[in-house]
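Participant: coords below, sequence missing:
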């Protein structure tokens, strides 16, 4: 069973990059651990299908170079909810690879 992590008030499941993703929509965070063993987000995004979006994601290599080794994901079926949550998390955590919604 995968661990869960809370970002703001949202529960995310922790995955590794080689995961076989389900065809569900949601929010994802490319992140890694700091020297203090805290989670550090490098990129926050949303997808209408994790299965289509996350394998070979165009920002993963950049995030990995910065230290990402995990993907936190949370299913969010409704696009309006995904938009709201994505904006909220980016504004709160200011990941370095998210420049469009700051």
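Facilitator: Here it is on my side, so go on. All values derive from a computational prediction rather than experimental measurement. Numbering: from 1, shown residues only.

Participant: hey, where'd the strands end up in the protein?
Facilitator: Per DSSP state E, the chain carries strands over the ranges 4-7, 10-15, 26-33, 39-47, 70-75.

Participant: Partner strands of the first one and their direction?
Facilitator: Using DSSP bridges, the neighbouring strands of strand 4-7 in the sheet come out as strand 10-15 (antiparallel).

Participant: helices or strands up against the longest helix anywhere in the chain?
Facilitator: Assignment by DSSP state H gives helix 79-93 as the longest helix of the chain. Counting contacts by 3 or more CB pairs under 8 Å, 6 or more residues apart in numbering; DSSP states H and E, helix 79-93 is packed against strand 26-33, strand 39-47. For every residue, glycine as well, the C-beta is placed using N, CA and C.

Participant: contact partners of the first one?
Facilitator: Looking back up the chat, that one is strand 26-33. By CB atoms under 8 Å, 6 or more residues apart in numbering, the surrounding residues in contact with strand 26-33 are 7, 10, 12, 39-47, 50, 53-54, 57, 59-60, 63-64, 66-77, 82, 85-86, 89, 95, 97.

Participant: what's the angle between the longest helix of the chain and strand 26-33?
Facilitator: 20 degrees (axes from the mean of the first three to the mean of the last three CA atoms, to 10 degrees).
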